[in-house]
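Asker: based on what follows, work out the 3D shape:
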Amino acid sequence: MSERKKVTVPAVRAMKHKSRIGMLTAYDYPSAKVADAAGADVLLVGDSLGMVVLGYPDTLSVTVDDMLHHTRAVVRGTKSALIVGDMPYLSYHVSVEESVRNAGRFIQAGAHAVKIEGAKPGRIRTIEAILEAEIPVMGHIGLTPQSVNALGGFKLQGKNADDASRTIDEAHALERAGCFSLVLECVPSELAAMITEQLTIPTIGIGAGPSCDGQVLVFHDVLGIYDGHTPKFVRQYAHVAQDMQTALVAYLADVRSGAFPDEAKESFHMASDEELKRLYATRDDGGVVVEMPRS
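Answerer: The predicted structure follows:
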């Protein structure tokens with residue numbers, strides 16, 4: 001199979017109304033390798049790694065250093081997909097200058113673009129400054145997890161006409177600012193369809209219905225790596241957690257019974273019987289000559 005052409009920011013923009021954008025999160029080298037080989041157009045190093053990989057209750061504890069560590073791992077595992085680094089909480093909230101500097105660190109780590117949540121006027125100014133520094137920006141509106149406390153939890157956004165109208169205005173503001181694409185998270189399908197139709201940049205949905213120009217899901221959700229609560233908008237294509245646990249139970253049982261490792265299949269041996277005889281003939285531990293075992 002020939003190697004895929006590298007996906008770029010202009011290539012993603014050009015996919016609007018032409019081909020659906022397949023996007024996945026990736027948090028480490030092996031998941032990036034698998035997702036890239038599967039044909040993902042975009043890999044998002046999401047701050048959701050705080051919940052999925054680090055075990056936090058939300059994304060607010062994730063730091064820039066956390067994100068850069070995982071971004072570098074994803075970069076090493078990726079050949080073709082566009083890599084987007086998720087800027088974590090407080091990395092673009094304090095000042096424009098600090099925001100640009102933090103965004104630049106993602107690019108230096110190997111990402112091709114950054115993602116920023118929200119579209120308030122101050123956020124728009126920050127995005128414009130990052131774009132001025134030649135760093136592409138992916139927008140994100142609807143349910144913005146870094147605002148979970150202000151939103152009162154992980155809830156559907158834009159359910160009524162006023163909230164939906166405000167979300168449409170935010171989408172247009174992000175497009176005018178220069179974002180090359182826009183994530184719509186947990187909004188009504190009808191609202192996502194309106195935004196997708198009105199914008200000239202592609203929309204990427206997560207819990208936003210089928211009308212978006214692309215979709216994104218968490219790698220671990222798609223593969224069913226975790227048991228427990230699965231969001232309504234997730235479709236699991238495998239149940240890897242069950243296979244993993246079954247395999248590990250079998251491994252531990254073999255260890256405890258002595259069935260693993262096998263002497264012939266999974267063990268190494270001396271170069272020859274003569275070398276083994278020499279070892280036993282010459283080895284003296286604590287004044288006691290070790291005898292050869294009887295065959």
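
Asker: all helices for this structure, in order.
Answerer: Taking DSSP state H to define them, one finds helices in the chain at 9-14, 29-38, 49-52, 64-76, 96-108, 121-132, 148-151, 161-177, 189-198, 219-223, 240-257, 273-282.

Asker: any chance of those in CSV, plus distance to residue 204 and mean pLDDT?
Answerer: (C-beta placed from N, C-alpha, C; glycine too.) Converted to CSV, the helices of the chain look like this (distance: least, CB to CB, whole Å; pLDDT from 0 to 100):
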stretch, distance to residue 204, mean pLDDT
helix 9-14, 9, 98
helix 29-38, 15, 98
helix 49-52, 18, 94
helix 64-76, 18, 98
helix 96-108, 18, 98
helix 121-132, 17, 98
helix 148-151, 20, 81
helix 161-177, 12, 98
helix 189-198, 10, 98
helix 219-223, 15, 97
helix 240-257, 24, 97
helix 273-282, 62, 92
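
Asker: got the ones you listed as a markdown table, with mean neighbour count and distance to residue 90 columns?
Answerer: Formatted as a markdown table, the helices of the chain follow (neighbours: other CB atoms under 10 Å; distance: least, CB to CB, whole Å):
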| stretch | mean neighbour count | distance to residue 90 |
| --- | --- | --- |
| helix 9-14 | 16 | 26 |
| helix 29-38 | 18 | 26 |
| helix 49-52 | 21 | 13 |
| helix 64-76 | 20 | 9 |
| helix 96-108 | 18 | 9 |
| helix 121-132 | 18 | 12 |
| helix 148-151 | 12 | 13 |
| helix 161-177 | 16 | 20 |
| helix 189-198 | 18 | 28 |
| helix 219-223 | 20 | 25 |
| helix 240-257 | 11 | 32 |
| helix 273-282 | 11 | 61 |
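
Asker: out of those helices, which is closest to residue 115?
Answerer: Ranking the helices of the chain by their distance to residue 115 (criterion: CB to CB) puts helix 96-108 first, at 9.5 Å.

Asker: and the angle for that closest one with helix 64-76?
Answerer: Orientation check (axes from the mean of the first three to the mean of the last three CA atoms, to 10 degrees): helix 96-108 against helix 64-76 gives 30 degrees.

Asker: can you put the helices of the chain in JSON lines and add distance to residue 232?
Answerer: Shown next, in JSON lines, are those (distance: least, CB to CB, whole Å):
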{"stretch": "helix 9-14", "distance to residue 232": "27"}
{"stretch": "helix 29-38", "distance to residue 232": "23"}
{"stretch": "helix 49-52", "distance to residue 232": "17"}
{"stretch": "helix 64-76", "distance to residue 232": "27"}
{"stretch": "helix 96-108", "distance to residue 232": "31"}
{"stretch": "helix 121-132", "distance to residue 232": "28"}
{"stretch": "helix 148-151", "distance to residue 232": "17"}
{"stretch": "helix 161-177", "distance to residue 232": "19"}
{"stretch": "helix 189-198", "distance to residue 232": "12"}
{"stretch": "helix 219-223", "distance to residue 232": "12"}
{"stretch": "helix 240-257", "distance to residue 232": "19"}
{"stretch": "helix 273-282", "distance to residue 232": "63"}
